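Enquirer: Pasting the sequence and the predicted model now:
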Amino acid sequence: MDLNSTLETLRRALVQTPNNGFLWLQVAELLAQLGRGSEAEEAAREALVHLDEEDARNRARALIAPKDEAPQNVLRLVRGEKKDDSGDAPDAPTRESVRFGDVGGLDEIKEEIRMKIIVPFQRPDLFRKYGKRVGGGVLMYGPPGCGKTLLARATAGECDAFFFNVTIDSILDMYYGESERKLAGIFESARAKVPAILFFDEVEAIGGSRQQMRHSPGKSLVNQLLAEMDGMASNNANVLVIAATNAPWSVDSALRRPGRFDRVLFVPPPDETARFEILRLHLRERPVAKDVDVGELAKKTADFSGADLFDLVERAAEKPLVEAMRGGEPRELRRSDFLDALKKTKPSTKEWFATAKNYATFANTGGLYDDLLDYLKK
């Protein structure tokens, strides 16, 4: 049997057992013998995701081009001039001034983050004593507009760590292999500035389920993310990766393996106490009449996200603003303005919960959605 026939036989076997790391390794080695370098590298990265034996992992690593060398057999997806690399540098890290005191409510989530993330950064000596590493990955999920990004920034502020806010457009590239290179560069920048926190919003855009992908470039990017989080070629000590998503069911399951995003936190809509604080914050610099009861508004806005509450205040301010623009005297925001705004504002989280409930009920593999189910029972 020639190499091409053997390759086709192995690929048919992979259709039945897609998580077999040794099959992926054999495919990668055959592709390398056939001179199909980029395909061999992609198969080798897939093999690394599933292999545990170090000898086999080393064989797979040998097929992956070093990051400081130009990738072999790179095919451009579009025609054009050679890309200018001057804009490839990741966004500059910042030192966050936001603290947990600036985040209204979410006390249970903040305490969990404090014990699992902040304390290890503050007491690395204690963790070294018990053989625990500092860093790792945290995946936050929940309805949009509920403060996941603000929590990530506050975590960086509490840890006094460099904060890398990684935007999707700083990674995704139309040239084959460029997205993977940019992602690797971002991790290298973080490792050079420890302690560091990398924050990926809408992580499903680069770490989506490979089973749902039809094209190989997306799978290759997921494999690169998996390899970087494993610290395959470098040490990830004191590097924390925080990701946020509104669709955890679209995130590749391999990312939730221990050592990657091993902590998954559900971030719910703000409770009544938190809604009171958020509303008070948004009203702080606006003229408000004495008949406006913030506590009453907090009770009437169950299931509202933080973004919904801001929209409510904006809608309430529209009527007196229009009156003033038409020549009337500028006036304070009244209770009636908020009651009118409430009639036009509905919580945006309900649509998300309708979708999430189906996944939590029928696809709660390994207890991933236990916190969400507990919340829905309340």
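Expert: That came through, no problem.

Enquirer: what ranges do the helices span in the stretch 201-350 of the chain?
Expert: Assigned by DSSP state H, counting those that start in this stretch, the stretch 201-350 of the chain shows helices spanning 204-207, 216-230, 272-283, 294-300, 306-325, 335-344, 349-362.

Enquirer: Okay, strands next: where are they in the stretch 151-300 of the chain?
Expert: Along the stretch 151-300 of the chain, counting by DSSP state E, counting those that start in this stretch, strands occupy 162-166, 196-201, 239-245, 263-266.

Enquirer: just the ones you listed: most buried one?
Expert: Across the strands of the stretch 151-300 of the chain, the average number of neighbours (mean count of other Cβ atoms under 10 Å) peaks for strand 239-245, which reaches a mean of 26. Yep, even glycine has a C-beta here, placed from its N, CA and C like the rest.

Enquirer: what sits up against that strand?
Expert: Under the criterion Cβ atoms under 8 Å, 6 or more residues apart in numbering, residues 117, 121, 135-141, 148-149, 152, 155, 159, 161, 187, 190-191, 194-204, 207, 229, 251, 261 lie in contact with strand 239-245.

Enquirer: mind redoing it with 6 Å?
Expert: Applying Cβ atoms under 6 Å, 6 or more residues apart in numbering, the set of residues contacting strand 239-245 from outside is 135, 137-141, 148, 152, 190-191, 196-201, 203-204, 251.

Enquirer: who does it pair up with?
Expert: strand 136-141 (parallel), strand 196-201 (parallel) (DSSP bridges).

Enquirer: quick one: average pLDDT of that strand?
Expert: Per-residue pLDDT values over strand 239-245 give a mean of 90.

Enquirer: quick one: that strand to chain centroid distance?
Expert: Offset of strand 239-245 from its chain centre (Cα atoms, centre = their mean, to the nearest Å): 5 Å.

Enquirer: Just want the angle from that strand to strand 162-166.
Expert: Interaxial angle, strand 239-245 versus strand 162-166 (axes from the mean of the first three to the mean of the last three Cα atoms, to 10 degrees): 40 degrees.

Enquirer: ok, back up a step: can you add mean pLDDT and distance to Arg326 and give the strands paired with strand 239-245 back as TSV?
Expert: Below are the strands paired with strand 239-245 laid out as TSV (pLDDT from 0 to 100; distance: least, Cβ to Cβ, whole Å):
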stretch	mean pLDDT	distance to Arg326
strand 136-141	86	45
strand 196-201	90	40
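
Enquirer: quick one on the thing from earlier: so which of the helices of the stretch 201-350 of the chain is nearest Val27?
Expert: helix 216-230 (12.9 Å; Cβ to Cβ).

Enquirer: What's the mean pLDDT across the closest one?
Expert: Per-residue scores along helix 216-230 average to 80.

Enquirer: Now stretch 182-199: buried residues?
Expert: 182-187, 189-191, 194-199 (16 or more other Cβ atoms under 10 Å).

Enquirer: Pick out the most distant pair among those residues.
Expert: Spatially, the most separated pair among these is Lys182 and Pro195, at 22.6 Å (Cβ to Cβ).

Enquirer: Mind listing residues that contact stretch 201-208?
Expert: 168, 171, 221-222, 225, 243-245, 247, 250-252, 255.

Enquirer: are any of the residues you listed buried, and which?
Expert: 171, 221-222, 225, 243-245, 247, 250-252, 255.

Enquirer: could I get the residues you listed as JSON lines with distance to Val49?
Expert: What follows is those, written out as JSON lines (distance: Cβ to Cβ, whole Å):
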{"residue": "Ile171", "distance to Val49": "19"}
{"residue": "Leu221", "distance to Val49": "13"}
{"residue": "Val222", "distance to Val49": "9"}
{"residue": "Leu225", "distance to Val49": "10"}
{"residue": "Ala243", "distance to Val49": "17"}
{"residue": "Ala244", "distance to Val49": "23"}
{"residue": "Thr245", "distance to Val49": "20"}
{"residue": "Ala247", "distance to Val49": "21"}
{"residue": "Ser250", "distance to Val49": "18"}
{"residue": "Val251", "distance to Val49": "14"}
{"residue": "Asp252", "distance to Val49": "9"}
{"residue": "Leu255", "distance to Val49": "10"}
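
Enquirer: for these, which one is nearest Leu265?
Expert: Ala244 (9.7 Å).

Enquirer: now the closest one, nearest residue through space, not along the chain?
Expert: Using Cβ to Cβ, 6 or more residues apart in numbering and skipping the chain neighbours, the partner closest in space to Ala244 is Lys148 (3.9 Å).
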